[in-house]
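Engineer: Below are the sequence and a predicted model; questions follow.
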Amino acid sequence: MPSSLSKQLRRKPKQDRARVTFDILLEAAARVLGESGYAGTTTNRVAAVAGVSVGTLYEYFGNKNRLFEALVEREVGFIVHAISENEPSANRTIEEELRKLIFASMGAVRHGPELFRALEHVPDARLRKSLDRGRAQLIGHVEQMLKVHRKEIRVGDIARAAFVVVSAAEGVGINASNSQFDASLGEECVTMLQRYLTG
């Protein structure tokens, strides 16, 4: 669990049973938010979908936004973890690296892009900071990948190119419907980014 999230929780899930309850609450929050949006999501509804009392929810989260903050940290963490497991290699082409990057990140978006769109509407600066931290980690990873493949790419500013790659992929992904978010879309992203990087 990220330290920034741990500091925000009322009760930190230490035992197996508590961790299971914590995960069930986050899964319920993702489901309700995806179905009803921010305005239509209440802690009572999340607790009901999770099959626990609202009091149990408040044992972990002080309010609805803290629940969403934990959800953001978890979902972004899945993406960062999936990408960081794919260390750049000079033995792969830039196209192969991009394909691994895109499909690893898509595979980590377990609830589809519509959940991330819903989270974008949550009016809480802490949520924005959580998203920004995850994005910075992704950009750093892409920057390392581009340095490994410097001879293959035409762009001059590696740091700026890493920002463009992450922003472009994120823009395509977050604007897709869940039904559009598939392998064909992933391949289109690979083609787009490869052409940008290699000309």
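Structural biologist: On my side now, so go ahead.
Engineer: And the residue nearest the centre of this protein?
Structural biologist: The centroid of the chain falls nearest to Val76 when counting by CA atoms, centre = their mean (2.9 Å).
Engineer: Which residue comes closest to that residue once chain neighbours are left out?
Structural biologist: Spatial nearest neighbour of Val76, chain neighbours left out: Gly134 (3.4 Å); criterion: CB to CB, 6 or more residues apart in numbering. For the C-beta atoms, the positions are set from N, CA and C on the backbone; glycine is no exception.
Engineer: Repeat that for Glu27.
Structural biologist: Ala50 (7.5 Å).
Engineer: what about that neighbour, neighbour count?
Structural biologist: By the criterion of other CB atoms under 10 Å, Ala50 has 21 neighbours.
Engineer: Quick check, pLDDT for it.
Structural biologist: For Ala50, the pLDDT comes out at 96.
Engineer: ok, it - contacts?
Structural biologist: Residues near Ala50 by CB atoms under 8 Å, 6 or more residues apart in numbering: 21, 24-25, 27-28, 57.
Engineer: Which of the helices or strands spans the residue nearest to the centre of the chain?
Structural biologist: helix 64-84 (DSSP states H and E).
Engineer: Counting by contacts, list what that helix packs against.
Structural biologist: helix 3-6, helix 16-40, helix 43-50, helix 54-60, helix 94-108, helix 113-120, helix 125-148 (3 or more CB pairs under 8 Å, 6 or more residues apart in numbering; DSSP states H and E).
Engineer: okay, it in CSV with CA atoms only?
Structural biologist: Extracted C-alpha coordinates of helix 64-84, given in CSV (Å, rounded to 0.1, in the frame of the first residue of the first chain):
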residue,chain,number,x,y,z
LYS,A,64,-16.4,9.3,0.0
ASN,A,65,-13.4,11.2,-1.4
ARG,A,66,-10.9,9.2,0.8
LEU,A,67,-12.5,6.1,-0.6
PHE,A,68,-12.0,7.4,-4.2
GLU,A,69,-8.4,8.4,-3.3
ALA,A,70,-7.7,4.9,-2.3
LEU,A,71,-9.3,3.6,-5.5
VAL,A,72,-7.1,6.0,-7.6
GLU,A,73,-4.0,4.9,-5.8
ARG,A,74,-4.8,1.3,-6.3
GLU,A,75,-5.8,1.5,-10.0
VAL,A,76,-2.9,3.8,-11.0
GLY,A,77,-0.6,1.5,-8.9
PHE,A,78,-1.6,-1.5,-11.0
ILE,A,79,-0.6,0.4,-14.2
VAL,A,80,2.7,1.6,-12.8
HIS,A,81,3.5,-1.9,-11.6
ALA,A,82,2.6,-3.6,-14.9
ILE,A,83,4.8,-1.2,-16.8
SER,A,84,7.7,-1.2,-14.4
